[in-house]
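Student: Test case, fold it:
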Amino acid sequence: MVSETMTTNTMTADPILKVEHLSMRFGGLMAINDFSFEAQRGEITALIGPNGAGKTTVFNCVTGFYKPTMGMITMRQKGGKEFLLERLNDFEITRDAKVARTFQNIRLFSGLTVLENLLVAQHNTLMKASGYTVLGLLGLPGYKKAAAESIEVARHWLEKADLIARADDPAGDLPYGAQRRLEIARAMCTGPEVLCLDEPAAGLNPRESLALNELLRSIRKDSGTSILLIEHDMSVVMEISDHVVVLEYGQKISDGTPDHVKNDPKVIAAYLGVEDDEVEEVIEEIEEIEGTAGGSH
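Tutor: Predicted structure coming up:
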């Protein structure tokens, strides 16, 4: 019976991103140690863990900001073409492998309009169509067509992010939550197959978090883009993720569905800051306190 289950899982698995034996050393510090996981195509995969666990270091390796000390990072596109991301520069990972990312700190062009931010994201396409400025200056039909298509792509993502009414406003004038959605819309304008989001819910109020969740679900459902997510907001992670991977001190301690992970004693121990053998005792104490509080009403 076990072998049947394993065979079925193998047949249905379609990893778009495979990280194998990833290690990252900074001098004498081993930030990531022999870390492996897979992100399935069309799913939202969350990478979680306590502060300092190494989550952003993994992201920086995947997106080319760091070159890992050891390991392989394979991205397989829809047509079957594979890229070894650890061998590419960051701009090649975005341009060729179709991996986009956002950052913990918002990095919009605040002086440009909302629409212009989305057009900037399509810079490579427009420059190619312009013959690297010559055809654009002459206003030839090929460039005009590419420019019109870029505006339509931008319009599509403005509508998805509920920002169409703010298209002509400076990006810096948007509320914080709207800036977060704009940053995600801008990344989507590059046409990624994998979208990496570094703490997109950080600093959002409940209403803004709800709007973010709706946008991410829409991206997964309508575009088929696979999402790799770092997030501290567990309500976001557990509500929208298909798959959760947990890091602690640079090593994987749990990997599975949201329900599996949130009930894993190792995960509970990591977040509570206690030893594994103390988890049951702590949980019993919490339940006892909750029961006492409930009885006092």
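Student: Quick one: mean pLDDT over the lengthiest helix in the chain.
Tutor: Among the elements of type helix in the chain, defined by DSSP state H, the one spanning the most residues is helix 141-160. Average pLDDT, helix 141-160: 84.
Student: next helix or strand past it?
Tutor: helix 176-188 (DSSP states H and E).
Student: which helices and strands does that following helix pack with?
Tutor: For helix 176-188, the packing partners by 3 or more C-beta pairs under 8 Å, 6 or more residues apart in numbering; DSSP states H and E come out as strand 99-101, helix 114-120, helix 141-160, strand 194-198, helix 206-218. C-betas here are computed from N, CA, C, even on glycine.
Student: which stretches of the chain have low pLDDT?
Tutor: Residue ranges of the chain with pLDDT under 70: 1-12, 123-143, 146, 272-297.
Student: can I get the helices and strands packed on helix 176-188 in CSV with mean neighbour count and distance to residue 237?
Tutor: Listed next are the helices and strands packed on helix 176-188 as CSV, based on neighbours: other C-beta atoms under 10 Å; distance: least, C-beta to C-beta, whole Å:
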stretch, mean neighbour count, distance to residue 237
strand 99-101, 25, 18
helix 114-120, 21, 27
helix 141-160, 16, 21
strand 194-198, 24, 11
helix 206-218, 16, 10
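Student: Just put these in a markdown table and tack on distance to residue 59.
Tutor: Formatted as a markdown table, the helices and strands packed on helix 176-188 follow (distance: least, C-beta to C-beta, whole Å):
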| stretch | distance to residue 59 |
| --- | --- |
| strand 99-101 | 7 |
| helix 114-120 | 22 |
| helix 141-160 | 22 |
| strand 194-198 | 6 |
| helix 206-218 | 16 |
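Student: Quick one: closest of the ones you listed to residue 48.
Tutor: Taking C-beta to C-beta as the criterion, residue 48 comes closest to strand 194-198 out of the helices and strands packed on helix 176-188, the separation being 12.3 Å.
Student: tell me the angle of that closest one relative to helix 176-188?
Tutor: In terms of direction (axes from the mean of the first three to the mean of the last three C-alpha atoms, to 10 degrees), strand 194-198 departs from helix 176-188 by 150 degrees.
Student: With only the CA atoms kept, save strand 194-198 in CSV.
Tutor: Taking Å, rounded to 0.1, in the frame of the first residue of the first chain, the C-alpha atoms of strand 194-198 are listed here in CSV:
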residue,chain,number,x,y,z
VAL,A,194,8.0,31.3,-10.8
LEU,A,195,7.2,34.4,-8.6
CYS,A,196,9.3,34.7,-5.4
LEU,A,197,7.7,36.9,-2.7
ASP,A,198,9.7,37.9,0.3
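Student: Show me what that strand is packed against.
Tutor: Taking 3+ C-beta pairs under 8 Å, 6+ apart as contact, the helices and strands that strand 194-198 lies on are helix 55-62, strand 99-101, helix 176-188, strand 226-230.
Student: Now with 10 Å, please.
Tutor: For strand 194-198, the packing partners by 3 or more C-beta pairs under 10 Å, 6 or more residues apart in numbering; DSSP states H and E come out as strand 15-26, strand 44-48, helix 55-62, strand 99-101, helix 176-188, helix 206-218, strand 226-230.
Student: what are the pairing partners of that strand, and which direction each?
Tutor: Strand 194-198 has the following sheet partners, assigned by DSSP bridges: strand 99-101 (parallel), strand 226-230 (parallel).
Student: now those strands in CSV, with distance to residue 270?
Tutor: Written out in CSV, the entries for these read as follows (distance: least, C-beta to C-beta, whole Å):
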stretch, distance to residue 270
strand 99-101, 25
strand 226-230, 15
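Student: Tell me which of these sits nearest to residue 16.
Tutor: When the strands paired with strand 194-198 are ranked by proximity to residue 16 (C-beta to C-beta), strand 226-230 comes first, at 4.8 Å.
Student: so how far is that closest one from its chain's centroid?
Tutor: 3 Å (C-alpha atoms, centre = their mean, to the nearest Å).
Student: and that strand with strand 44-48, angle?
Tutor: With the same axes, to 10 degrees defining the directions, strand 226-230 sits at 20 degrees from strand 44-48.
Student: Export strand 226-230 to CSV, keeping only CA atoms.
Tutor: Presented in CSV, the C-alpha positions along strand 226-230 are these (Å, rounded to 0.1, in the frame of the first residue of the first chain):
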residue,chain,number,x,y,z
SER,A,226,4.0,29.1,-9.4
ILE,A,227,4.6,31.1,-6.2
LEU,A,228,7.4,30.7,-3.7
LEU,A,229,6.6,32.7,-0.6
ILE,A,230,8.5,33.7,2.5
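Student: okay, the angle between it and helix 206-218?
Tutor: Comparing the axes of strand 226-230 and helix 206-218 via the same axes, to 10 degrees yields an angle of 150 degrees.
Student: Nothing else from me, thank you.
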